[in-house]
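Peer 1: Got a sequence here, can you build the structure:
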Amino acid sequence: MGDTLMIIVVIGLSAVLMFIFPLMTMSDRTDDVSQLTVNTATTEFVDNVITTGKLTLDKYSKFVENISSTGNTYDVEMELKVLDENPGKKTTQSVDTRIGENVYYSKYTSQILDELSDDTPIILLKEGDVFIASAKNKNPTMSQQFKNFFYSVTGNDTYTIAAEHAGIVSVTGSNYD
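Peer 2: Numbering: from 1, shown residues only. Below is the predicted model of the structure:
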C-alpha cells in the first residue's frame, strides 16, 4: 500500500514538472513579448505625435490595433497638456517681453476622443505642448491566472503589461504637410 501511494505522488509531481511548469514559463514569455510590443507601440505613437505636431484619429486607431494584436485588452489613457503662454506685455518699455509664467491646462482621454470625431479627425498641437499616453492590460493574462492559482500573488486590480511614454511637442502642427 505504501508503494502505491508513493507511485501516485511521483506521478503527480512528474505531471506538474513536465506540463504545468513549462506552461507557466511559456505564459511568462508571452507576457514579456506582449510587454515589449506595447512598450514599442506606445513609444512610436507618442514620438510620432510630438515630432509631427498632429494627433489624428487614424494614428490613435492604429496604436490601439497594434497593442490589441497581443491578444489582450488595454485601458488606453492620454493626456495633452496645452501650453497657455499668457503673453502679458510691459507697457513702459518698447521691447515686448513676457510677464508671468507659462501655464498648462490638460485635456484627458475622453476630451481628446470627443475632439477626434469623424468630422475633425485631427488635433493640431503647438511647440511646447506635452503629450502623454499610457496603456495597461485589463484582462488577466494566462500567466496571471497561473500565479493566482498557485501562489495567490496577484489580485483583480493589478496588471502585468503596462507602458507609458511622454514628450514635448517639438514642432507646431499644420494641415499643409
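Peer 1: hang on, A133 is in a strand, isn't it?
Peer 2: Yes. Assessed by DSSP: H, G, I helix; E, B strand; the rest coil, A133 belongs to a strand.
Peer 1: Who are the contact partners of it?
Peer 2: With contact set as Cβ atoms under 8 Å, 6 or more residues apart in numbering, A133 has these partners: 42, 45-46, 49, 63, 76-79, 164-166. C-beta: built from backbone N, CA, C; applies to glycine.
Peer 1: Tell me which helix or strand in this structure has the weakest average pLDDT.
Peer 2: Ranking every helix and strand in the chain by mean pLDDT, DSSP states H and E puts strand 88-89 at the bottom, with a mean of 54.
Peer 1: on that earlier part again, so of the contacts of A133, which ones are in strands?
Peer 2: Secondary structure from DSSP state E places 76-79, 164-166 of the contacts of A133 in strands.
Peer 1: Now the residue most central in space within the chain: closest residue in space that isn't a chain neighbour?
Peer 2: Centroid-nearest residue in the chain, with Cα atoms, centre = their mean: A135, separated by 2.3 Å. The spatially closest residue to A135, leaving aside those adjacent along the chain, is Y74, at 4.6 Å (Cβ to Cβ, 6 or more residues apart in numbering).
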